[in-house]
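Chemist: Dropping the sequence and predicted coords here.
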Amino acid sequence: MMRFLGGCVCALLALVAAPAVVAQGGPLRIEITEGVIEPLPYAVPDFVAETASAGDYAGRLARVVAADLSGTGLFREIPSSAYIGSVSDFGAAVQYADWKAINAQALITGAVSVVGGQLNVKFRVYDVFSGAELGNGLQFAGPADGWRRMAHKVADAVYSRITGETGYFDSRVVFVSETGPKNERRKRLAIMDYDGANVQYLTDSSAIVLAPRFSPTGDRVLYTSYETGFPRIYVLDVGRVQRRVLEAGDATMSFAPRFAPDGNTVVFSLTEAGNSDIYTLNVATGARARLTTAPSIETAPSYSPDGRRIVFESDRSGSQQLYVMGADGSDPRRISFGDGRYGTPVWSPRGDLIAFTKQSKGRFHIGVMRTDGSEERLLTASFLDEGPTWSPNGRVIMFARETRGAAGRSSLYSVDISGRNLQPVRTPEGGSDPSWGPLQR
Amino acid sequence: MNTLTRIATVLAFGLLSACAQNSFDGNETALTGLPGGAGAGDLSADASDPTSAAYFQKAIGDRVLFPVDQSTLTAEAQSVLAAQAQWLSANPDYIANIEGHADEQGTREYNLALGARRANAAREYLVSQGIAGDRLRTVSFGKERPVEICSDESCYAKNRRAVTVLASGLTG
């Protein structure tokens, strides 16, 4: 049976605060805006190993913190080869001049100890040019095999202190792992850390599986499987890796499920006599409600974070477009009016934007628009980009990109919502249909 | 078609034959147990028997093709389906699962819905020609199971299809 980290990085303690120092000059701060950003230079020396057996983790923790921060495109690491000073004692006073001299605006120091299989990780963040600590030191404890999570938590705290926004590094992504050519593709569900580490497989590839979607708390995953030969929606308990069919009616198929923010309602598409419409299902009672009745295709529904509205796609106008309706199906209103076809809308966790896939002039794009359809912005362009999913803080979008031709392959990518910092998310096999889960606790 | 595909398809057909006693209310898994859905196999061995599935596939034609983003039947598709209906009438032991497919130019969910429309269009035509509805089931594979894998219209045209996959189901 697979084992998952769950709630083990629990101790979150403020270290005894050093005497408060009032920052001199402007505070260390990145405002995340649409403008071009000069990444903020920072240094993160290897953590200090405070017990003999902690040596293995000292460098690795710092490397994961650096990968998280630099991976945002908002921060630029100063390599250790440029260091003048060093950090060998976590408690000692920081020599700001050494870090100013190499233009490190932020300095992150850490220490790690291992006691009885438990890892203790401490860190502090310094605003080098103000000569002051930024916030208080924090300490995390957990089993040693959860060391990457502790590094992500450090990076989340640093990101949060410098940008003023919640981070997204201690989060997981469920996706479809793919092998084989396009006409014999094998697909299985997989789960991984947001950065592609710790991949674990949740199903085998004996049946086609599609479009897994996390529950709001990340404890369950909805997906579509052909295991009976016909597409049906399943729900999988992530911790126990147990699944059950959720929607097994006698319709042609059920697909495109997503949880409501309450975690108890599922919105999905059901097809009868060739016509796909949107329904909801109460997971506890099995009660089903029909939200759309048009003879056109209605699918890919996604709730607003307050649970009051649903964005979906429909070809009722003659081509695939985006619509917003009440959570009860009332008052559907078209929001996409640009040139081309729009699909796979996903409401952002901040509520302010809707991400989508757009097809126009033979190209595919990932884009975002306001919830009324205004201010459309295309973030990517390729032969085939599709299926956006939001980072927990609504700043980054992950999606799948399939390449052209007989040797075409699907891989995961991420991009920030201003269209900067497009980068591959490395997975052991091909990847598609990512769903980004919440920040872990 | 490479060897692997051929083996998989022959296996699929073996599975279909093995469940000859099942009606559609029975075991779905046995009917379309493989994640294939290609719907075509190298069955030339018994294509000379006009009551065989291989004959249906080769001489009648097991599939109809659709224009981009369409599920309406072309005149050519209607004539293929009319011939299928005639054959199904003459061979009442067979049931069929109609598989709808789309090319890769489209999002996953939309293509699933589009494939379902195509399969249903073929099914409705067969019903209009007198085939009992309970002999005809449908499934959509969206863009998951193309038969051709180039990214050009020459391949896309063959992938936008509805395939009538036979199983001998009403005997006994």
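Modeler: Ah, there it is. Numbering: from 1, shown residues only, chains lettered A, B, ... in the order given.

Chemist: So which bits of the longest helix anywhere in chain B are buried?
Modeler: In chain B, with assignment by DSSP state H, the single longest helix is helix B:108-128. Buried residues in helix B:108-128, counted by 16 or more other CB atoms under 10 Å in any protein chain shown: B:108-126. The way it works is simple: take the backbone N, C-alpha and C, and place the C-beta from them, glycine included.

Chemist: A strand includes residue A:344, no?
Modeler: Yes - under DSSP: H, G, I helix; E, B strand; the rest coil, residue A:344 falls within a strand.

Chemist: That one touches residue B:106, doesn't it?
Modeler: No - judged on CB atoms under 8 Å, residue A:344 makes no contact with residue B:106 at a distance of 10.5 Å.

Chemist: hang on, the earlier thing: restrict the buried residues of helix B:108-128 to those near chain A?
Modeler: Near chain A, judged by CB under 8 Å from any CB of the partner chain, the entries from the buried residues of helix B:108-128 are B:108-110, B:112-114, B:116-121, B:123-124.

Chemist: Name the nearest of those residues relative to chain A.
Modeler: Set against chain A, the nearest of these by CB to the nearest CB is residue B:120 (2.6 Å).

Chemist: What sits closest to the closest one if chain neighbours are left out?
Modeler: Sequence neighbours aside, residue A:274 is the residue nearest to residue B:120 in space, at 2.6 Å (criterion: CB to CB, 6 or more residues apart in numbering or on different chains).

Chemist: and that neighbour, how many neighbours?
Modeler: For residue A:274, the count of nearby residues is 24 (other CB atoms under 10 Å in any protein chain shown).

Chemist: same deal with residue A:164?
Modeler: That count, for residue A:164 with other CB under 10 Å as the rule, works out to 11.

Chemist: what residues are up against it?
Modeler: Going by CB atoms under 8 Å, 6 or more residues apart in numbering or on different chains, residue A:164 touches A:29, A:31.

Chemist: Show the contacting residues for residue 73.
Modeler: In the absence of a named chain, chain A is used. Counting by CB under 8 Å, 6+ apart, residue A:73 has contacts A:37, A:39, A:416, A:420, A:421.

Chemist: Oops, wrong one, chain B.
Modeler: By CB under 8 Å, 6+ apart, residue B:73 lies in contact with B:64, B:66, B:81, B:121, B:122, B:125.

Chemist: Look at it and give its secondary structure.
Modeler: Judged by three-state DSSP, the three-state class of residue B:73 is coil.

Chemist: and the stretch 251-400 of chain A, which of its residues are near chain B?
Modeler: Proximity of the stretch 251-400 of chain A to chain B, by CB under 8 Å from any CB, involves residues A:252-253, A:255-256, A:269, A:271, A:273-276, A:297, A:299-300, A:313, A:315, A:320, A:343-344, A:357, A:359, A:383-384, A:386-387.

Chemist: Quick check: PyMOL command selecting the buried ones in those.
Modeler: In PyMOL syntax, the buried subset of these is picked out as below (16+ other CB under 10 Å):
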select buried, chain A and resi 252+253+255+256+269+271+274+275+276+297+299+300+313+315+320+343+344+357+359+383+384+386+387
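
Chemist: Please list the members of the residues of the stretch 251-400 of chain A next to chain B that lie in strands.
Modeler: Counting by DSSP state E, the part of those found in strands is A:253, A:255-256, A:269, A:271, A:275-276, A:299-300, A:313, A:343-344, A:357, A:359, A:386-387.

Chemist: the helices in the chain, which residues?
Modeler: By default, I'm working from chain A. Assigned by DSSP H, chain A shows helices spanning A:55-71, A:96-100, A:147-163.

Chemist: wrong chain, I was asking about chain B
Modeler: B:3-18, B:28-31, B:53-55, B:75-90, B:108-128, B:153-159.

Chemist: What I need now is those written out in a markdown table, including distance to residue A:219 and mean pLDDT for each item.
Modeler: Converted to a markdown table, the helices of chain B look like this (distance: least, CB to CB, whole Å; pLDDT from 0 to 100):
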| stretch | distance to residue A:219 | mean pLDDT |
| --- | --- | --- |
| helix B:3-18 | 36 | 35 |
| helix B:28-31 | 29 | 34 |
| helix B:53-55 | 46 | 94 |
| helix B:75-90 | 47 | 98 |
| helix B:108-128 | 24 | 98 |
| helix B:153-159 | 38 | 97 |
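
Chemist: now these in JSON lines, with distance to residue A:107?
Modeler: Listed next are the helices of chain B as JSON lines, based on distance: least, CB to CB, whole Å:
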{"stretch": "helix B:3-18", "distance to residue A:107": "56"}
{"stretch": "helix B:28-31", "distance to residue A:107": "60"}
{"stretch": "helix B:53-55", "distance to residue A:107": "73"}
{"stretch": "helix B:75-90", "distance to residue A:107": "69"}
{"stretch": "helix B:108-128", "distance to residue A:107": "45"}
{"stretch": "helix B:153-159", "distance to residue A:107": "55"}
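
Chemist: Looking at those, which is nearest to residue A:234?
Modeler: Closest of these to residue A:234 is helix B:28-31, at 14.6 Å (criterion: CB to CB).

Chemist: Could you check how far residue A:389 is from chain B?
Modeler: Here residue A:389 is placed at a distance of 13 Å from chain B (CB to the nearest CB, to the nearest Å).

Chemist: now residue A:221
Modeler: For residue A:221, the distance to chain B - CB to the nearest CB - is 17 Å.

Chemist: residue contacts, that residue?
Modeler: Neighbour list for residue A:221: A:174, A:189, A:191, A:202, A:212, A:213, A:214, A:215, A:235, A:236, A:238, A:435 [criterion: CB under 8 Å, 6+ apart].
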